[in-house]
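In: return atomic coordinates for the entry below.
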Amino acid sequence: LFDNTTYLLYQCGSTPPADVVDNGNFNAVLEIPLSNVGLSQTPHIGFMEQLELVDEIAAFLTDTDFISSPCFLDEIAAGNVLT
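Out: Just a heads-up that it's a prediction; the model follows:
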């Protein structure tokens, strides 16, 4: 998340009010819970593993040389995670 960035989060299965979405006050409108995420730092991998959410990682956005998780490296090698 970035400074001065606003997000409208709405529960899956619901529809956010169009007037709220269209008012231009939000940088992004996101349905929660998120179904896929991209990670940009290696510490997040361990948290996702502990939460048993590795399958939800769609992309790793930085250098893979610093990844120490064998399981996550297997996911990358299998083509399940974009790098």
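In: wait, Thr6 touches Phe26, no?
Out: Yes. Using CB atoms under 8 Å, Thr6 makes contact with Phe26 at a distance of 5.0 Å. To be clear about C-beta, it is placed using only N, CA and C from the backbone, and glycine gets the same treatment.
In: ok, the two, which is more surrounded?
Out: Neighbour count, other CB atoms under 10 Å: between Thr6 and Phe26, Phe26 has more, with 16 against 10.
In: can you check the pLDDT for that one?
Out: Looking at Phe26, its pLDDT is 92.
In: now it: how far from Glu52?
Out: Phe26 sits 30 Å away from Glu52, taking CB to CB, to the nearest Å as the criterion.
In: now the residue minimising distance to the centre of the chain: how far from Ile76?
Out: Per CA atoms, centre = their mean, the C-alpha nearest to the average position across the chain is that of Val37, at 2.1 Å. Val37 sits 15 Å away from Ile76, going by CB to CB.
In: kindly report the same for Phe26.
Out: Counting by CB to CB, the gap from Phe26 to Ile76 is 32 Å.
In: fine, thanks again, bye for now.
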